[in-house]
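Participant: here are the coordinates; sequence isn't available:
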């Protein structure tokens, strides 16, 4: 009679005794989990803080306001107002003249060069564009805001130490005095850096912009998306819904999985051999970049799409077939729409991977100095990660902040792509 | 119906592709050395802005890689110009000729110094090439005497020479793929090891052993490969005042507030000392033009004129602001003449 109660009590006691240990184990496990998440977030915060901290100042730019007298004798001596003449005129001389007028007591070739060095080399092109747009300015006086030289910009942003000995400073004592005079005269101000978003690459840091690389990335991804999404979805649908299960399809499946793990540089070599050397497509063009990245992202999208198709319940197919739909109709109207959100997720993952890729682009010549903003998929262009790499490798100090700013732009681009994916998924998602 | 549409689409796509391939390229394509890249890009940008031509496209492929691409053939799919931080080799010119690239115009643009430097906060040192060789080679002559090579026994600079500080040997430098490394090995290591008579004798008797003795850099932590990125080396030097770094002169010039160049054989790396040849570690820079492309690709002649103009390559030109050491006057005059007449190499 007491026998079973005894064992019951025994087992209760044993469970009771083990309870503490089990709870502790669970607490430990949760604690480690929290630690892992915390560590990950911590690194993310460090990354963001260092990048944003280094890069935010690149979105502002020091500009100098000059009063430029547009001398007809220099710009258009014959008075023809012919655009070709206006284009070829020496606008640098006008900028220099206005600087000399501001500081009339600067003498000597060396000192004058130091003075001219305060404004960017791009100032004369700004002036040229203004005059070309409105020839009536000739003969008058124009108040022009031009970008300051990158060294002046670095000084104003505090990256050059004023108190360092003169020999160690890229801004000399006389230049410091002129900068102070300009500041006192309210001619020096900080403005939003439109050049950064409007220009292509440049070897003058104050003129270098992200637009060329951004457009290059957009064109490249456009080609990649346009080719890889339909191809991958078609391949996935065929393999998952129609293909017979035999040794051949097994072989194909293994190969697709292997391809997903192939280092990207290999696709670059393939692209070089096939698209450039055999099909003689142009080097450095987004079309070739897009084709190479298509090869790279195809397996990723195919695998994700097949998983999405697998997760559609068989009852949907059977229902469609049961009411008389053909297999193709069942797939096109019933299975595919339900699998689409998953496919889109896979596509976005693949595209994000493609956006950050530089190794294959190296082989096909997209790692290059390209100043003109590309206007089509056949124009030479770079991509965002390539631009980051090129700037990180440039000797001028001002490229440090540009590099971080380019990373910020890349991350925003990535975030925008992911947001789009989430949005699309929300729209199409079905739950059961 | 659908099949026909598909076929038409494929055919037209192929037609567009081949039509593009046949049409001429309207921008100059340049490849080559990463050392010349920062100078060539400045010229290209200036050229693109001040003329009606498109801005040339410049790829940084390294000198050897550039010459290989350049010599692959004549035609729009091949580059027009290659930059090099060394003179083209005879074997490379033969390769060029074999592929139909017969006339090549050589343009020497100036000199580049290689500096050994360290953080501003560290004390000044005066090094010789022999000391650098002894600090960095994998195998050095036995310090106990005799004509034998032993694994590098030196741990601190003081072990090498009593005049040097007693700090651990730690030098950050470029990896073997870099032109800067090639030049450093050739101009410093080889010169330094040739100061030992028995190694110098090896050059004649056994070239392979000579190269192995002079060109092999130690792998026990004394030499740290810091990647192609010279900026990174500058940052690391600032953080570690005991370490030395090897980088191009333009990086020293841009970061004078953070790092300083060590004297080599008593001469500091300065603009003037490199230009007059008294600083021992400098090398000439070149670019090569495919003559067959002049007149086919628009703007090559004008690009040559811009690069060799006094406002670019001259003594006070914009390239000297970027750290290029200009050519002496008579040499410069010769280069300008060659570029004007498009005289090819013999």
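Facilitator: Yep, that arrived. If you're wondering where the values come from, they're calculated on a predicted model, not measured in any experiment.
Participant: C-alpha from now on. contacts and neighbour counts both.
Facilitator: Will do.
Participant: Can you name the residue of chain B nearest to chain A?
Facilitator: residue B:59 (4.0 Å; C-alpha to the nearest C-alpha).
Participant: Quick check: the nearest residue to that residue once chain neighbours are set aside vs residue B:38, distance?
Facilitator: Using C-alpha to C-alpha, 6 or more residues apart in numbering or on different chains and skipping the chain neighbours, the partner closest in space to residue B:59 is residue A:368 (4.0 Å). Separation of residue A:368 from residue B:38 (C-alpha to C-alpha, to the nearest Å): 11 Å.
Participant: ok so, going back, tell me the phi and psi of the residue of chain B closest to chain A?
Facilitator: phi -100, psi 140 (degrees, to the nearest 10).
Participant: repeat for residue B:313
Facilitator: According to degrees, to the nearest 10, residue B:313 has phi -90, psi -10.
Participant: hmm, back to that, correct me, but the residue nearest to residue B:59 touches residue B:40?
Facilitator: No: using C-alpha atoms under 8 Å, residue A:368 is not in contact with residue B:40, being 11.7 Å away.
Participant: Now do the shared contacts for the two.
Facilitator: residue B:58 (C-alpha atoms under 8 Å, 6 or more residues apart in numbering or on different chains).
Participant: Near the closest residue to chain B within the stretch 251-400 of chain A, how many residues? Count them for me, please.
Facilitator: Here the stretch 251-400 of chain A gets closest to chain B at one residue, residue A:368, 4.0 Å apart by C-alpha to the nearest C-alpha. Neighbour count for residue A:368, taken as other C-alpha atoms under 10 Å in any protein chain shown: 25.
Participant: rewinding a little: show me the contacts for the residue of chain B closest to chain A.
Facilitator: Contacts of residue B:59 (C-alpha under 8 Å, 6+ apart): A:365-369, B:30-32, B:37.
Participant: Of the residues you listed, which belong to strands?
Facilitator: A:368-369, B:30-32 (DSSP state E).
Participant: tell me the pLDDT at the residue nearest to residue B:59?
Facilitator: pLDDT, residue A:368: 89.
Participant: Same question for residue A:406.
Facilitator: 95.
Participant: Then the one 3 residues further on?
Facilitator: The predicted local confidence for residue A:409 comes out at a pLDDT of 94.
Participant: quick check: longest strand of the chain.
Facilitator: You didn't say which chain, so I picked chain A. Under DSSP E, chain A gives strand A:60-69 as its longest strand.
Participant: sorry, should have said chain B
Facilitator: Under DSSP E, chain B gives strand B:104-119 as its longest strand.
Participant: after the helix or strand of chain A with the lowest mean pLDDT, next one along is what?
Facilitator: Lowest mean confidence among the helices and strands of chain A (mean pLDDT, DSSP states H and E): helix A:83-88, at a mean of 80. Where DSSP states H and E defines the elements, the next helix or strand beyond helix A:83-88 is helix A:91-102.
Participant: which other helices and strands contact that next one?
Facilitator: strand A:60-69, helix A:109-116, helix A:123-133 (3 or more C-alpha pairs under 8 Å, 6 or more residues apart in numbering or on different chains; DSSP states H and E).
Participant: Which of these comes out lowest on mean pLDDT?
Facilitator: helix A:109-116 - the lowest mean pLDDT of the helices and strands packed on helix A:91-102, at a mean of 83.
Participant: what pairs with residue B:137 across the strands?
Facilitator: residue B:217 (DSSP bridges).
Participant: who are the neighbours in contact with it?
Facilitator: B:152, B:189, B:213-218.
Participant: likewise residue A:282?
Facilitator: Residue A:282 touches A:276, A:288, A:378, B:21, B:77, counting by C-alpha under 8 Å, 6+ apart.
Participant: what ranges do the strands span in the stretch 51-200 of chain B?
Facilitator: For the stretch 51-200 of chain B, applying DSSP state E, counting those that start in this stretch gives strands covering B:57-59, B:81-84, B:104-119, B:126-127, B:139-141, B:149-151, B:171-173.
Participant: Would you mind finding the most buried of the ones you listed?
Facilitator: Comparing the strands of the stretch 51-200 of chain B by mean neighbour count (mean count of other C-alpha atoms under 10 Å in any protein chain shown), strand B:81-84 ranks first with a mean of 30.
Participant: anything in that strand near chain A?
Facilitator: No: for strand B:81-84, no contact with chain A is found by C-alpha under 8 Å from any C-alpha of the partner chain; the gap never falls below 13.1 Å.
Participant: just the residues of the stretch 101-250 of chain A that are near chain B, which are they?
Facilitator: So the stretch 101-250 of chain A meets chain B at A:125, A:164, A:168-170, A:202-203 (C-alpha under 8 Å from any C-alpha).
Participant: Identify the residues contacting residue 270.
Facilitator: If you meant another chain, say so; for now it's chain A. Here residue A:270 is in contact with residue A:292 (C-alpha under 8 Å, 6+ apart).
Participant: Actually, chain B is the one I wanted.
Facilitator: Counted by C-alpha under 8 Å, 6+ apart, residue B:270 has zero contacts.
Participant: Can you report phi and psi for it?
Facilitator: The phi/psi pair for residue B:270 (degrees, to the nearest 10) is phi -130, psi 160.
Participant: before we move on, back to that, ok, which of the helices and strands packed on helix A:91-102 comes nearest residue B:127?
Facilitator: helix A:109-116 (33.4 Å; C-alpha to C-alpha).
Participant: Show me which residues of the closest one are buried.
Facilitator: A:115-116 (16 or more other C-alpha atoms under 10 Å in any protein chain shown).
Participant: Could you give the separation of it from the chain centroid?
Facilitator: On the basis of C-alpha atoms, centre = their mean, to the nearest Å, helix A:109-116 sits 38 Å off its chain's mean C-alpha point.
Participant: what packs against it?
Facilitator: Helix A:109-116 packs on helix A:91-102, helix A:173-184, going by 3+ C-alpha pairs under 8 Å, 6+ apart.
Participant: between the helix or strand following the last one and strand A:60-69, how big is the angle?
Facilitator: I take that to be helix A:173-184. Under the assignment DSSP H and E, the closest C-terminal helix or strand after helix A:173-184 is strand A:188-192. Orientation of strand A:188-192 against strand A:60-69 (axes from the mean of the first three to the mean of the last three C-alpha atoms, to 10 degrees) gives an angle of 120 degrees.
Participant: wait, what's in contact with residue A:389?
Facilitator: So residue A:389 contacts residue A:403 (C-alpha under 8 Å, 6+ apart).
Participant: does it count as helix, strand or coil?
Facilitator: helix (DSSP: H, G, I helix; E, B strand; the rest coil).
Participant: cool, residue A:284 as well?
Facilitator: Assignment for residue A:284 (three-state DSSP): coil.
Participant: burial measure for it, as a count.
Facilitator: 27.
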